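Asks: Sequence and predicted structure are below.
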Amino acid sequence: MSSISVVDQSNKEVSTRDLNPAVFGLESDDGFVHRVYASLASAQRAGTSKVKDCSEVSGGGKKPFKQKGTGRARQGTTRAAQMRHGGTHHGPQANTAFDSRINKKERRRAMCLVLSDCVRAGKITVVNKIELAEAKTKGFIEVMSSLEASTGLVVLGEANNNLELSSRNVPNTKVVLDGQVTIHDLLKSKRVILTEAAVDKLEERLS
């Protein structure tokens, strides 16, 4: 079981805590994480690409030339797919579904694998609590600077309105609750700052 230092928002160590190996101590499995990540990313596609098939292209009501005697291949309409200005067969449609089936256990395991990789890479900082007297961007930046993080992902165990409002103008920084954490956020963030309450809830939900 691995342990990690717990600091306050001034980056002074206040204690240490053991991390649940079922959540933060798994061996790497990049292929599995990639499969789950690709599935979740595909499910977010809007599916707005759309082409017209033969029935949707205007014109083409008249047979372009007689059936026999021209030496050409027979054609019934100028809007067939092989004709210029014709429709498109098997092209993308707006109602195309891009998501693939990923069950709850797979999503949970992928989250645990990414969290474990973050611990091994030294990306995670556990803070006992983060409090701001008022919703000011300057105060949030001071806390992040104390924690030696210019940008990153901040995960809270409970809602903190001042902290959430203060982070909105800071680029490449996101404040979320423990239940809103995604694999994408964890992978793209250079630093992940967790409150102790968030660690407790993640271990309870994912173990």
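Replies: That came in fine, so what should we check first?
Asks: rest of the way, CA atoms for contacts and neighbours
Replies: Fine.
Asks: biggest helix in the protein, by residue count?
Replies: helix 104-121 (DSSP state H).
Asks: pLDDT (mean, whole number) over it?
Replies: For helix 104-121, mean pLDDT rounds to 94.
Asks: Tell me which residues are up against stretch 105-118.
Replies: 22-29, 32-33, 36, 124, 182-183, 186-187, 192, 206 (Cα atoms under 8 Å, 6 or more residues apart in numbering).
Asks: Which parts of that stretch count as buried, going by neighbours?
Replies: Neighbour-count burial for stretch 105-118 flags 107, 109, 110, 111, 112, 113, 114, 115, 116, 117, 118 (criterion: 16 or more other Cα atoms under 10 Å).
Asks: which regions of this structure lie under the pLDDT threshold?
Replies: For the chain, residues meeting the criterion pLDDT under 70 lie at 1.
Asks: wait, isn't residue 43 in contact with residue 98?
Replies: Yes - counting by Cα atoms under 8 Å, residue 98 is a contact partner of residue 43 at 5.7 Å.
Asks: Just give me the residue right at the centre of this protein.
Replies: Central residue of the chain (Cα atoms, centre = their mean): residue 184, 3.3 Å from the mean position.
Asks: which residues does that one contact?
Replies: Taking Cα under 8 Å, 6+ apart as the test, what residue 184 contacts is residue 37.
Asks: Which parts of this protein belong to which domain?
Replies: Under the assignment automatic domain parsing, the domains of the chain span 3-42+100-206, 46-97.
Asks: deepest of those domains, which one?
Replies: Of all these, domain 3-42+100-206 has the most neighbours on average by mean count of other Cα atoms under 10 Å, namely a mean of 17.
Asks: can you pull out the strands in this structure?
Replies: With DSSP state E, the ranges of strands along the chain come out as 3-7, 13-18, 124-127, 152-156, 173-177, 192-195.
Asks: who touches the third one?
Replies: In other words, strand 124-127. Outside strand 124-127, the residues that touch it by Cα under 8 Å, 6+ apart are 4-9, 118, 191-196, 199.
Asks: Save these as CSV, and put in distance to residue 178 too.
Replies: Shown next, in CSV, are these (distance: Cα to Cα, whole Å):
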residue, distance to residue 178
4, 18
5, 19
6, 17
7, 19
8, 19
9, 18
118, 16
191, 16
192, 12
193, 11
194, 9
195, 9
196, 11
199, 8
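Asks: And residue 148, how close does it get to residue 9?
Replies: As judged by Cα to Cα, to the nearest Å, residue 148 and residue 9 stand 11 Å apart.
Asks: what do you get for residue 154?
Replies: Taking Cα to Cα as the measure, residue 154 falls 12 Å from residue 9.
Asks: quick one: residue 57 and residue 84 touch, right?
Replies: No - Residue 57 is not in contact with residue 84 according to Cα under 8 Å; the separation is 11.6 Å.
Asks: For residue 33, which non-adjacent residue is spatially closest?
Replies: For residue 33, ignoring the flanking residues on the chain, the nearest one in space by Cα to Cα, 6 or more residues apart in numbering is residue 110 at 5.3 Å.
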